Structure formats: structure tokens, C-alpha cells
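**Q** Next one to model:
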Amino acid sequence: MAKAWKKRSILPGFGLSMGFTVLYLSLIVLFPLSAIFIKSSGMGWEAFWHTITDPRVIASYKVSFGTAFGAALVNAVFGFIVAWVLVRYSFPGKKIVDALVDLPFALPTAVAGIALTTIYSQNGWVGRLLEPLGIKIAFTPLGIMLALTFIGIPFVVRTLQPVMEELEKEVEEAAVSLGASRWKTFVRILFPELLPALLTGFTLAFARAVGEYGSVVFISGNMPMKTEIAPLLIMTKLEQYDYAGATAIALVMLVISFVTLLVINLLQWRANRHVTSA
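**A** Numbers count the residues shown, from 1 in each chain. You can find the predicted model right below:
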């Protein structure tokens, strides 16, 4: 039996590396998530239900998930365009633009939040131009979505770029030689190949935005029932030493995020299956 197992092992040291992987993931992911369930279970069902169905908590869920989903959609569209331009075209300053895409990774989120608030507040450079038009960005859900778009766009661009670079131009040329228009070539040939990567980028941007705190806390205004996000409410509970209440809110966020990501991954699997079978 041992010999049969050794024959099936492809890489040397599989047992040791697999054990390290399980231990690492348990310490970093499994145990902390288990602690949330354990801490929440100590509340009792009535207290748990009262905490997660509080109108203020529900409003924070709507703000967090609604703005995160909206920001991910915006990033999916404009991140696709940015990646397409960086891969398909050559222009002066291309390397600078490519480097700027990674700026949200390097910039502290609190600094990004302060900068966005300064620019888009009523007295800011952009905010004062939008104020006469009746458009208010800072201290509104729109401002939250703007901050989440800023921190999420690198995920979409960097996910799409390698896939775009691997696209075979001969397939496009063959489609054009057969009389297909540019739009039909893009829709029928290119987009199906890019859809799985686009869904992956969307998922990463959404997951990053759901738990974002630093860049949002400044531009949101933190008004209960209006612009208060769930992570801020969790921090408030912790400052009040209400650890059970904080974990209850975090548990609901965890479950909703898991279900959402599961649905998106299912769509991605179907898109990959369609591309493979085509």
C-alpha cells in the first residue's frame, strides 16, 4: 500500500508539504473563522437574532454590500478597458500608467481615504465643481463606492492582463478574413476567452471591498442608517467591549460573503466549461 502511494506521488516531500499547508491554513484561516462561530454561539439565539436584525446593523449591511458590489461592477468595466489599452496599444508614458495601476496596493488605505475626501468634499478641487450640479460625493454612499473603486481596480487589471497577452491574434485575423466585423469578433471570439478572468477580477475586487475600512471611514461620514459600513460598526462594538455583538455582525458578513463568492465562482466555472468545450 505504501509503495502504491509513493508511485502516485508526483512531487517529492508531498507528505511534509501537505502537512505544512494544512497547518498553515488552519492557523491563519480555519481557527480564526471557527472562533467567530464559537464566540457567536455563546450569545444565545434570541440575543444573536436581536443583534443582527437591529435596523442600524441591517442598514450597515446594505451600505457595505451594495457599495462593494457597485464598485466591483465599475471596476469590471473600466478595469477591462484599462487592461485592454495597456496590452493592445503602445503610447508615450505607458509604463507610468501601468505602474499607477498598482498604486492602491502600495498606498495606505487611510491616506487614500483622506486624499479622496479632500478632493471630493464640497470645498475640494472636484467637489466644488460638482456642487452647483447638485452632485455630492463625499459623505454619501457614492463617495464610499468611489473609495472602493480606487482600492479594487488593480485586481481586475492585473487579472486580465496576462490572459489578454496570451490571446492568439491569428484567431482574430481568421475571423476578420471570414467577414466578421470588429464588434462580432470581440463578442464571439475574444470576450468568451476573457470572461473567466473578468469574473475572477470582479470577485477579488468585491471581496476586497466588502471588508475595507481605512479608505472608507474618512469619506463616508459614518452617519448611522445612511453611510455607516458594517466594519465600522464592528469596530464600534469592540470599543464598547461587546465582543459577542461584534462577532455576530462579522458572522453574518462572513456567511453572506461566502454565499456570494460561491455563486460567482459557480458562474466562473460555467464560463470556463463553456470556453473549454467551444
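**Q** shaky segments in the stretch 151-278 of the chain?
**A** For the stretch 151-278 of the chain, applying pLDDT under 70 flags the ranges 274-278.
**Q** where do the helices sit along it?
**A** 169-177, 182-185, 191-210, 214-219, 230-239, 243-277 (DSSP state H, counting those that start in this stretch).
**Q** what helices or strands is the fourth one leaning on?
**A** Helices and strands in packing contact with helix 214-219 are listed as helix 109-120, helix 141-166, helix 230-239; criterion 3 or more CB pairs under 8 Å, 6 or more residues apart in numbering; DSSP states H and E. All C-beta spots, glycine's among them, are computed from the backbone N, C-alpha and C.
**Q** looking at those helices, which is buried most?
**A** helix 141-166 (a mean of 21; mean count of other CB atoms under 10 Å).
**Q** and it with helix 109-120, angle?
**A** Between helix 141-166 and helix 109-120, the angle comes out at 110 degrees (axes from the mean of the first three to the mean of the last three CA atoms, to 10 degrees).
**Q** could you give the angle of helix 141-166 to helix 191-210?
**A** Using the same axes, to 10 degrees: helix 141-166 against helix 191-210 is 140 degrees.
**Q** just checking, residue 271 touches residue 193?
**A** No - contact between residue 271 and residue 193 fails when scored by CB atoms under 8 Å: they sit 9.8 Å apart.
**Q** Residue 153 and residue 240: what is the separation?
**A** Distance from residue 153 to residue 240, counting by CB to CB, to the nearest Å: 35 Å.
**Q** CA atoms only for stretch 219-235, dumped as PDB, please.
**A** The C-alpha coordinates for stretch 219-235 follow below in PDB (Å, rounded to 0.1, in the frame of the first residue of the first chain):
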ATOM      1  CA  ILE A 219     -15.100  59.700   3.100                       C
ATOM      2  CA  SER A 220     -18.300  58.000   4.300                       C
ATOM      3  CA  GLY A 221     -19.100  60.400   7.100                       C
ATOM      4  CA  ASN A 222     -20.100  57.400   9.300                       C
ATOM      5  CA  MET A 223     -23.700  58.500   9.600                       C
ATOM      6  CA  PRO A 224     -25.800  55.700  11.100                       C
ATOM      7  CA  MET A 225     -28.600  54.400   8.800                       C
ATOM      8  CA  LYS A 226     -27.000  56.300   5.900                       C
ATOM      9  CA  THR A 227     -23.300  55.900   5.400                       C
ATOM     10  CA  GLU A 228     -22.200  53.600   8.200                       C
ATOM     11  CA  ILE A 229     -20.400  50.500   7.000                       C
ATOM     12  CA  ALA A 230     -20.500  47.100   8.800                       C
ATOM     13  CA  PRO A 231     -16.700  47.000   9.500                       C
ATOM     14  CA  LEU A 232     -17.100  50.400  11.300                       C
ATOM     15  CA  LEU A 233     -20.000  49.000  13.300                       C
ATOM     16  CA  ILE A 234     -17.900  46.000  14.300                       C
ATOM     17  CA  MET A 235     -15.100  48.300  15.500                       C
END
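**Q** Looking at the helices of the stretch 151-278 of the chain, which is nearest to residue 36?
**A** With CB to CB, the closest approach to residue 36 among the helices of the stretch 151-278 of the chain belongs to helix 243-277: 5.1 Å.
**Q** Packing partners of that closest one?
**A** helix 31-41, helix 45-52, helix 55-88, helix 191-210, helix 230-239.
**Q** buried residues in the fourth one?
**A** Using 16 or more other CB atoms under 10 Å as the burial criterion, the residues of helix 191-210 that qualify are 193-210.
**Q** try the third one
**A** Buried positions in helix 55-88, judged by neighbour count with 16+ other CB under 10 Å: 57, 59-61, 63-65, 67-72, 74-76, 79-80, 82-84, 86-87.
**Q** Ok, stretch 84-104 next?
**A** By 16+ other CB under 10 Å, the buried positions in stretch 84-104 come out as 84, 86, 87, 101, 104.
**Q** Now pLDDT and distance to residue 222 too, for those, in CSV please.
**A** Listed next are the buried residues of stretch 84-104 as CSV, based on pLDDT from 0 to 100; distance: CB to CB, whole Å:
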residue, pLDDT, distance to residue 222
84, 92, 37
86, 93, 36
87, 91, 40
101, 93, 29
104, 90, 22
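**Q** from the residues you listed, which single one is nearest residue 93?
**A** Nearest to residue 93 among the buried residues of stretch 84-104: residue 86, at 11.3 Å, using CB to CB.
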